[in-house]
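>>> need the 3D shape of this:
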Amino acid sequence: MTYKWIRPEIYPLLFPVGVAVGLCCMQLVRNITTNPEVRVKKENRSAGVLENFEEGKRYKEHGVRKFVLSQQSENMRKALSQKD
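Modelled structure (predicted):
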C-alpha cells in the first residue's frame with residue numbers, strides 16, 4: 001500500500017482555492033499600497049486624518065471596477081436586441 005500525499009479527487013479543488021488565495025493576496029497588496037487610509041510609514045501615520053477626497057475617489061474607481069461597469073451584461077444585450 002503506497003501513501004499518496006494528495007488524492008486525485010483533490011485536483012479539481014486546487015484551481016478554485018488557488019484563485020481565491022490569489023484574489024485575497026491581490027486585495028491585501030492593493031489595500032496596503034494604494035488605500036488612502038492605510039499608512040505604513042511612521043511619518044505618514046503622524047499626519048492624522050487627512051481630507052484627501054481625490055485620492056479616495058481614485059482608490060474606489062480602480063481599473064477593474066471601471067472595466068466591469070463599462071461592460072453590458074449578456075441579459076442586457078438580449079433585452080436590447082429584442083426591442084429592435
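>>> kindly list the longest helix within the protein.
Using DSSP state H, we find that the single longest helix of the chain is helix 11-34.
>>> tell me the spacing between the residue nearest the centre of the chain and residue 10.
Note on the chain: the residue nearest the mean C-alpha position is residue 27, at 5.0 Å, using Cα atoms, centre = their mean. As judged by Cβ to Cβ, to the nearest Å, residue 27 and residue 10 stand 25 Å apart. Where C-beta positions appear, they are placed from N, C-alpha and C, glycine not excepted.
>>> circling back to that earlier point, export the longest helix of the chain to CSV, keeping only CA atoms.
What follows is helix 11-34, C-alpha atoms only, in CSV (Å, rounded to 0.1, in the frame of the first residue of the first chain):
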residue,chain,number,x,y,z
TYR,A,11,-7.0,18.1,-8.0
PRO,A,12,-10.3,19.9,-9.2
LEU,A,13,-10.3,21.9,-5.9
LEU,A,14,-6.8,23.2,-6.3
PHE,A,15,-7.7,25.7,-9.0
PRO,A,16,-10.6,27.5,-7.2
VAL,A,17,-8.7,27.5,-4.0
GLY,A,18,-5.6,28.9,-5.7
VAL,A,19,-7.7,31.6,-7.4
ALA,A,20,-9.3,32.6,-4.1
VAL,A,21,-5.9,32.8,-2.4
GLY,A,22,-4.6,34.9,-5.3
LEU,A,23,-7.5,37.3,-5.1
CYS,A,24,-7.0,37.7,-1.4
CYS,A,25,-3.3,38.4,-1.8
MET,A,26,-4.0,40.9,-4.6
GLN,A,27,-6.6,42.7,-2.4
LEU,A,28,-4.2,42.8,0.5
VAL,A,29,-1.4,44.2,-1.6
ARG,A,30,-3.8,46.7,-3.1
ASN,A,31,-5.0,47.9,0.3
ILE,A,32,-1.5,48.3,1.7
THR,A,33,-0.1,50.1,-1.3
THR,A,34,-2.9,52.3,-2.5
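>>> for that helix, buried residues please.
The neighbour-count check on helix 11-34 (16 or more other Cβ atoms under 10 Å) flags nothing as buried.
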